[in-house]
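Engineer: The sequence isn't on hand, but the structure is:
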DNA sequence: TGTTCATGTTACTGGTCGGTAACATATCGG
DNA sequence: CCGATATGTTACCGACCAGTAACATGAACA
């Protein structure tokens, strides 16, 4: 097995240690995966040390949980901002979300959905983080259904599921394809025509 | 970190050691992930020992490569059988493939695409297995395009990509959702209506 | 000034894991 | 029967890693 992160870069950035540690964990866990990143590497990247890390997070498992909670919080916050800044205008909400999707899927640093990746790495265990992932995905689905329902789509659950699977598939595909061939480059246009074909009938 | 596979079950089954080892690796790597399964566990599950394993596979990395090659071989074989047994009848080929998808997605033991899972676990490294994954996915895409093109769909690349992302998304979702809510349960009907809407126009 | 509390530092433990050495056993072809 | 070749067995090494102990430092605050 190759080591994923031999010498962690100092992704410092100030702020209290707990915050720096969490930020470093977010970056490293996402980039290299949960299992292949050691707590020492996280502490180093946060410009601190293992002891301080363990004073804030009782164990690596707790840190993983905190990492996923952080991801969920950021994602939920982003969603709420998006919905609020187009409150009432459902079409604009959908459009804003498509913009976000476009951005995610074309990001060079895209390494898939952090939640899905974590689920893969923790499969077959009873890690408490799995609960967070499940809740997160269910919540995301509900949000999508609500938005599409508001926008007047006939079968919002059905459309949401389809949209969801496409997005999910696109993100995981970014790790399996050479950049040139990855079908995720056409995701947004797929979503557009999918939504078009389910337009409020 | 929780251990994923504390005591490997003896999934014996006869045959020469190399074959048993590979079979055990396939099962364990798929069930619990690559990183969390040790070579000792694989050897035990194959009713042999570490030394014999290392005589056939020079390292764990080689075993991982062999595992993914095996997965690819099986998948390619399945595809060819499916295509051959309905040679000439493209509609029947599509139908057979949908049957396969249905089976995969409703399998209780489904833990996502082994290739995609491996890609997640190896992200950020330069593991030789990544090459195999990339080739595999590109090949799968070509096969799908060929089948759909034969079946007379107007934009086979476009349809294939969409079908692909849906399938990929469905498989990864099985690891993120509680069984009841997983949108993958509706995958096949999604695929059907998607194909229907692109019917040879 | 002196106390307190968070943080830094070093060194360590115990366990796991990939990989190897050395030797024993078994099987099979000549 | 003999020797070659594959396999089993045991023990070990070195690296890594999660987690802890003990102590030093430094800053805020009374």
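Structural biologist: Okay, I see it. A quick note: this is a predicted structure, and the numbers were derived from the prediction, not measured. Residues are numbered from 1 along each chain as shown, chains lettered A, B, ... in the order given.
Engineer: Residue A:89: neighbouring residues, count only.
Structural biologist: Burial of residue A:89 is recorded as 13 neighbouring residues (other C-beta atoms under 10 Å in any protein chain shown). Any C-beta I mention is one placed from the backbone N, CA and C, and that applies to glycine too.
Engineer: Backbone torsions only: list them for it.
Structural biologist: phi -90, psi 90 (degrees, to the nearest 10).
Engineer: just residue A:39 next, same as before
Structural biologist: The phi/psi pair for residue A:39 (degrees, to the nearest 10) reads phi -60, psi -30.
Engineer: Is it correct that it is in contact with residue A:58?
Structural biologist: No. Counting by C-beta atoms under 8 Å, residue A:39 does not reach residue A:58; the two are 11.4 Å apart.
Engineer: The two: which has the busier surroundings?
Structural biologist: Neighbour count, other C-beta under 10 Å: between residue A:39 and residue A:58, residue A:39 has more, with 17 against 10.
Engineer: What parts of chain A come near DNA strand D?
Structural biologist: Counting by C-beta under 7 Å from any atom of the strand, chain A comes close to DNA strand D at A:3, A:38, A:39, A:40, A:50, A:51, A:54, A:58, A:59, A:60, A:61.
Engineer: again, 10 Å this time
Structural biologist: A:1, A:3-6, A:34-43, A:49-55, A:57-64 (C-beta under 10 Å from any atom of the strand).
Engineer: Next step: those restricted to helices.
Structural biologist: A:39-43, A:50-55, A:60-64 (DSSP state H).
Engineer: Can you flag the buried ones in the residues you listed?
Structural biologist: Buried residues within those, counting neighbours by 16 or more other C-beta atoms under 10 Å in any protein chain shown: A:39, A:41, A:42, A:43, A:53, A:60, A:61, A:63, A:64.
Engineer: Quick check: the second one touching residue A:28?
Structural biologist: Right, the one you point to is residue A:41. Yes. Under the criterion of C-beta under 8 Å, residue A:41 is in contact with residue A:28, at a separation of 6.2 Å.
Engineer: how about the nearest residue to residue A:60, chain neighbours excluded?
Structural biologist: Residue nearest to residue A:60 in three dimensions, not counting chain neighbours: residue A:39, with 5.4 Å by C-beta to C-beta, 6 or more residues apart in numbering or on different chains.
Engineer: And for residue A:35?
Structural biologist: Of all residues not flanking residue A:35 in the chain, residue B:35 sits nearest, at 4.8 Å (C-beta to C-beta, 6+ apart).
Engineer: what about the one you found, distance to DNA strand D?
Structural biologist: As defined by C-beta to the nearest atom of the strand, to the nearest Å, residue B:35 lies at a distance of 11 Å from DNA strand D.
Engineer: Let's see the pLDDT reported for that residue.
Structural biologist: Listed pLDDT for residue B:35 reads 97.
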